[in-house]
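Chemist: pasting the sequence and the predicted model now:
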Amino acid sequence: MRFCDKYREKRYVLSADRRRCVVLKDEGESRKYIGDNPADKMVTVYRVDGGMIIAKAAGDVKCDFAVYTETDTLYFVELKGGDYSRAIDQLRNVVQVLVSPDVERPRAIHTRVVASKVRVPNFLTTKEKKLKDFLKKHYNGTHKKATGVLREDLK
């Protein structure tokens with residue numbers, strides 16, 4: 001079963017349409033992810049935290065949003081204050097929980113972090129390197145981070 005077939009409950013699907021620009025932002029926050037859709041693909045946006053995954057205990061790790069395109073490409077997006085290491089944990093956990101054995105592996109899975117601040121110096125942490133290697137090896141994916149705004153074309 002494809003990701004979009006398994007996850008289609010209205011309580012966590014924020015939108016499913018061909019909009020030209022997907023903007024993900026938490027209310028009252030300045031951090032945002034912008035996914036441009038110049039090819040007018042069908043794009044489904046999910047609320048992960050508090051939607052697809054409900055916290056059962058304090059400290060449960062999950063990201064904020066997921067974006068799925070008709071080309072079978074999945075993006076997990078975390079909007080983070082400053083704890084980049086925790087964002088990495090959240091993204092890795094969400095990939096492992098939501099892309100379960102009963103879900104066909106998407107063509108690609110990408111993870112994105114938009115932080116309000118990033119530590120200086122900006123070096124590649126061991127966790128980040130492991131996440132990048134994991135995504136590339138198992139899911140033909142990538143990991144990107146940005147401060148304030150991350151904008152890219154959706155694949």
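Modeler: Sure thing, it's come through.

Chemist: where does residue 42 fall, phi/psi-wise?
Modeler: Per-residue torsions, residue 42: phi -70, psi 130 (degrees, to the nearest 10).

Chemist: which residues touch stretch 32-43?
Modeler: Contacts to stretch 32-43, defined as CB atoms under 8 Å, 6 or more residues apart in numbering, come from residues 15-25, 65, 67-71, 75, 77, 79, 112, 114, 148-154. C-betas here are computed from N, CA, C, even on glycine.

Chemist: and residue 14, what's its pLDDT?
Modeler: According to the prediction, residue 14 has pLDDT 96.

Chemist: tell me the mean pLDDT over the helix or strand containing residue 22?
Modeler: Using DSSP states H and E, the element containing residue 22 is strand 21-24. The pLDDT scores in strand 21-24 average 96.

Chemist: helices or strands up against that strand?
Modeler: strand 32-36, strand 43-47, strand 65-69 (3 or more CB pairs under 8 Å, 6 or more residues apart in numbering; DSSP states H and E).

Chemist: alpha carbons only: can I get the last one in PDB?
Modeler: To tie it back to what came earlier, the one meant is strand 65-69. Extracted in PDB, the C-alpha atoms of strand 65-69 (Å, rounded to 0.1, in the frame of the first residue of the first chain):
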ATOM      1  CA  PHE A  65       4.800  18.000   8.900                       C
ATOM      2  CA  ALA A  66       5.000  15.600   6.000                       C
ATOM      3  CA  VAL A  67       4.500  16.500   2.300                       C
ATOM      4  CA  TYR A  68       3.800  13.700  -0.200                       C
ATOM      5  CA  THR A  69       3.900  14.300  -4.000                       C
END
